[in-house]
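[1] Could you work out the structure for the sequence below:
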Amino acid sequence: MAKDLPYFKFFVSEWSDGDITLEDMETQGLFINLCSYYWSQECNVTLAKAKKRFKHNTKLIDTLLESDIISVDGDDVCIRFLNEQQEERLEQSKVRSKGGKASAEARRLTKLQQETNTSSTQIQHVLNSCSTESQLLREDKIREDKIRKEERREKAKKDFQSSLSKYLDTYGKTMLNNFYFYWTEHGENDYKLRFEKEKSFSIQRRLTTWSSREKTFTQPKQQARL
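    Sure thing, here's the model as predicted:
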């Protein structure tokens, strides 16, 4: 991954609005260094390896885990926004590979026509077939992307809903429903839900903030004394 694409996307607004900015500068610095190392290792780093790599900052790695800025899947570190970029990159690579094969076949047949004076009708028929195949591949890719986006969004919604269940007694059904519908909002062509567009997202912290704001907005206004 690092050789094919030696950089990853960094969105300033997601960083500045994300939970990572709630941490001190030392922790923020470790996170961006961990992201760079994670990407260079093709998003395949165990927690033990990460702590060995940053052996003088293991407590900061624990802080990132506790704040839900990074997570662990089995033994492996998981940095969600980089995993999504990797998946997107692999899908694009598959499409380019299929399209490249069709284009190569078209060039081969054109050259064959020039060298052997093959019937132009036969050559054109095959060229048209290659063009049609490329078009069909693009249409299939669009359909596959749409289905994949829908399936992924539904899974993300279910996972998000499940993660809220343990807070039901604390915040109540009404507030959690409002929180859920707000943070799972998405556009028709969006790959990610609203909460996934955040650089980091701690449900516990977001719920605390949401609750305090809701209490502020619902407080009755004092009437002025005449």
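[2] the helices in this structure, which residues?
    12-17, 25-40, 47-53, 58-66, 80-116, 120-164, 168-171, 173-183, 203-218 (DSSP state H).
[3] N189: which of the ones you listed is closest?
    helix 120-164 (7.3 Å; Cβ to Cβ). Using the backbone N, CA and C atoms, a C-beta is placed for each residue, glycine as well.
[4] So K149 is in contact with D190, correct?
    Yes. With contact defined as Cβ atoms under 8 Å, K149 counts as touching D190 (7.3 Å).
[5] coming back round to it: among the helices of the chain, which comes closest to L5?
    helix 80-116 (6.0 Å).
[6] The closest one - what's its average pLDDT?
    The average pLDDT for helix 80-116 rounds to 74.
[7] ok, now stretch 159-169?
    On average, stretch 159-169 scores 93.
[8] Send me it as PDB with only the CA atoms.
    C-alpha atoms of stretch 159-169 as PDB (Å, rounded to 0.1, in the frame of the first residue of the first chain):
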ATOM      1  CA  ASP A 159     -23.700  -1.700  15.000                       C
ATOM      2  CA  PHE A 160     -24.200   1.900  16.100                       C
ATOM      3  CA  GLN A 161     -27.600   1.100  17.500                       C
ATOM      4  CA  SER A 162     -26.300  -1.900  19.400                       C
ATOM      5  CA  SER A 163     -23.500   0.200  21.000                       C
ATOM      6  CA  LEU A 164     -26.200   2.600  22.300                       C
ATOM      7  CA  SER A 165     -28.200  -0.100  24.100                       C
ATOM      8  CA  LYS A 166     -26.100   0.000  27.300                       C
ATOM      9  CA  TYR A 167     -26.900   3.700  27.800                       C
ATOM     10  CA  LEU A 168     -30.700   3.200  27.700                       C
ATOM     11  CA  ASP A 169     -31.100   3.400  31.500                       C
END
